[in-house]
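K.L.:
Fold the following and give me the result.
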Amino acid sequence: MPAADPRLPEYPVQLVGARLYSAALIRRKPVETDSEGPGLDFAVRAHSVRPDLHGLSVLVGATVTVRLHSEIVASIDCAIDGTFESAIPLVDDFIAEFINGGAKVILWPYLRAAVGEIARMAEVDAPPLPTLDVLSALEVDQKPIAKPPASPATRATKPRTPRGTHS
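P.N.:
Take a look at the predicted model:
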């Protein structure tokens, strides 16, 4: 295995697996609280912490509700379970920050893909889940453990031209 690039920051927690934890699609009659457009409910919570404190499982879930027509609403409920391992013992403060920042950002693309695939297979015209503002999500809580060292190799020397175009 090649050595890690010393210019990249090291993070104490790494994703080792992501899996579909639960998924359900329910078609039902609309209720008064349903909006005319699509709705989104999103939750992040700790699923479990291993007793050795070197691992963590985080559950990220969303419920998307879409009005199919005046008589039917489709509700997609989906959750992704991410398993993370740590080289250092995890403390409660770090776990809380990581769950609400880094874990959410890391697992969100898996959740977006799962909800989108369920909607496609069920022929529900649900809009894709929005992307997350990664910088805002991480700014509030988790900071990198180390900054990458300043190096001429990491600085852009000239703007790149996209393939197929000429300047």
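K.L.:
Please enumerate the strands of the chain.
P.N.:
Along the chain, counting by DSSP state E, strands occupy 13-28, 39-49, 55-69, 72-86.
K.L.:
Out of those strands, name the one with the poorest average pLDDT.
P.N.:
Lowest mean pLDDT within the strands of the chain: strand 39-49, at a mean of 70.
K.L.:
Is it correct that residue 27 is in contact with residue 66?
P.N.:
No: Residue 27 is not in contact with residue 66 according to Cβ atoms under 8 Å; the separation is 10.1 Å. C-betas here are computed from N, CA, C, even on glycine.
K.L.:
Quickly list what's touching both of the two.
P.N.:
Common neighbours of residue 27 and residue 66, using Cβ atoms under 8 Å, 6 or more residues apart in numbering, are 73, 74, 75.
K.L.:
okay but the second one is in contact with residue 118, surely?
P.N.:
This means residue 74. No: the criterion here is Cβ under 8 Å, and residue 74 misses it with residue 118 at 10.0 Å.
K.L.:
what residues are shared contacts of the two?
P.N.:
With Cβ under 8 Å, 6+ apart as the test, residue 74 and residue 118 both reach 25, 124.
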